[in-house]
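In: got a sequence here, can you model it:
(one chain, ligands or ions: 1)
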Amino acid sequence: MNNIRHLLEPQDFSVKELGSLLELADSIVNAPEKYAEKCKGKILASLFYEPSTRTKFSFDAAMLRLGGQVIGFSDPNTSSTAKGETVADSAKTVSQYADIIVVRHPKEGTARLMSKHADCPVINAGDGGHQHPTQTLTDLLTIMHYKKRLTDLTIGVCGDLMFGRTIHSLVSCLSRFSNVKFVFISPDELKMPTYIKDSLNKLGISYYETDNLEHAIPDLDILYMSRVQRERFINEEEYMRLKDFFILTRDKLDTAKKDMIVMHPLPRVNEIATDVDDDPRAVYFNQVKFGMYVRMALILSLLRLDERSVLS
Ligand code: CP
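Out: Residues are numbered from 1 along each chain as shown. Take a look at the predicted model:
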């Protein structure tokens, strides 16, 4: 394939390309049966070097619902990784069999490395504590569904802002839309990385940092909760000390706007009490389903199988 496009971080797509992708995803939501044969004869390779429920199954389901097929592993020890094969060689090899590769890896930058060696599009399904661009596509489709816009929003992101790759991708992406303001809600030890704050400062984007969730809630259009990323901690005691720093309970929503939405990339550990699930503002399980539809749109776009795609 000439001019192969990858998705390694949200900035790989222009705002216009993101718009067309979301429009395509919306069309799929409304009439999925029209897309049931679009990937007939195509194969997606799903290479998961780290655990996953949503990302892996939503990509698998997306390809199957498009009429394609899926190969891959969710335990790298069943592959030649266990014999010492490099990810570069694995990418080159797998791209001889598959039309598109989805990779999750604990090491930051692995998807980018694979994209340099693969002969097909590579999608980053999460690289260490760095980026998770398809979660961001999921989040954008969810926000469009509930708020009808990606501009003029005040978004509180709460939890582990240091290691939360979904949050890094979302904040970087939304910083390109007008009049989006951020509230970074975290314990001191898990604050947003400086490189992200620097880029917001350069763009003149408004944000403030706090460790007080209750204080922040009344102003928010979106509250984006996240878990403390246990797997990124070197010190287990530190994780145990911080893991329950924020717990969103139903009573804390009393001061929230009536149309605020609560999002979460999931998995949830303890940071949202289960009695919040019944609140109409809690949209995190619907968010999961949008993830499958937007990944269907992404596969079609990267494989250039839909005329709506404007990927150059
Ligand atoms: N949101 C997300 O990435 O979930 P998984 O780790 O289950 O894929």
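In: which residues of the stretch 1-150 of the chain lie near the ligand?
Out: Proximity of the stretch 1-150 of the chain to the ligand (C-beta under 6 Å from any ligand atom) is limited to residues 52-55, 126, 132, 135. (C-beta placed from N, C-alpha, C; glycine too.)
In: just those residues: which are in strands?
Out: residue 126 (DSSP state E).
In: residue contacts, residue 131?
Out: Listed by C-beta atoms under 8 Å, 6 or more residues apart in numbering, the contact partners of residue 131 are 8-10, 124, 165, 168-169, 172.
In: and those residues, which is closest to the ligand?
Out: Nearest to the ligand among the contacts of residue 131 is residue 165, at 8.4 Å by C-beta to the nearest ligand atom.
In: for residue 83, grab the count of nearby residues.
Out: 6 (other C-beta atoms under 10 Å).
In: make residue 1 into 629 and carry on from there
Out: Sure, I'll start counting at 629 from here, so that last one is residue 711.
In: return the residues of the stretch 829-940 of the chain in contact with the ligand.
Out: Counting by C-beta under 6 Å from any ligand atom, the stretch 829-940 of the chain comes close to the ligand at 893-895.
In: out of those, which is nearest to the ligand?
Out: When those are ranked by distance to the ligand (C-beta to the nearest ligand atom), residue 893 comes first, at 3.8 Å.
In: let me see the confidence value for the residue lying closest to that closest one once chain neighbours are set aside.
Out: In this structure, residue 893 finds its nearest non-sequential neighbour in residue 794, 4.1 Å apart by C-beta to C-beta, 6 or more residues apart in numbering. Residue 794 is assigned 94 on the pLDDT scale.
In: run through the stretch 629-778 of the chain and note the low-pLDDT ranges.
Out: For the stretch 629-778 of the chain, the stretches with pLDDT under 70 are 629-630.
In: make sure residue 905 is actually in contact with residue 913.
Out: Yes: applying C-beta atoms under 8 Å, one finds residue 905 in contact with residue 913, separated by 7.4 Å.
In: more neighbours: the two, which one.
Out: More crowded of residue 905 and residue 913, by other C-beta under 10 Å: residue 905, with 13 against 10.
In: got the contact list for the more buried one?
Out: Contacts for residue 905 (C-beta under 8 Å, 6+ apart) come out as residue 913.
In: can you check the one 5 residues further on too?
Out: Residue 910 is in contact with 889-890, 900, 904, counting by C-beta under 8 Å, 6+ apart.
In: quick revisit: closest one of the contacts of residue 759 to residue 935?
Out: Among these, residue 638 lies closest to residue 935 (C-beta to C-beta), at 23.6 Å.
In: quick one: the helices in the stretch 779-928 of the chain?
Out: Secondary structure of the stretch 779-928 of the chain (DSSP state H, counting those that start in this stretch): helices at 793-802, 822-831, 841-844, 864-870, 912-930.
In: same question for the last one: list its buried residues.
Out: Within helix 912-930, the residues that qualify as buried are 912, 915-916, 918-930, counting by 16 or more other C-beta atoms under 10 Å.
In: among these, which two are most distant?
Out: Spanning the widest gap among the buried residues of helix 912-930 are 912 and 930, at 26.4 Å by C-beta to C-beta.
In: give me the buried subset of the residues of the stretch 629-778 of the chain next to the ligand.
Out: 680, 682-683, 754, 760, 763.
In: sitting in helices, which of those do you find?
Out: 682-683, 763 (DSSP state H).
In: is it true that residue 901 touches residue 877?
Out: Yes: counting by C-beta under 8 Å, residue 877 is a contact partner of residue 901 at 4.6 Å.
In: if you count what's nearby, which of the two comes out ahead?
Out: Set side by side, residue 901 and residue 877 show more neighbours around residue 901, with 14 against 11, by other C-beta under 10 Å.
In: distance-wise, check that one relative to residue 646.
Out: Counting by C-beta to C-beta, to the nearest Å, the gap from residue 901 to residue 646 is 33 Å.
In: quick one: contacts for the residue nearest to residue 893?
Out: Going by C-beta under 8 Å, 6+ apart, residue 794 touches 760, 763-764, 767, 854, 893.
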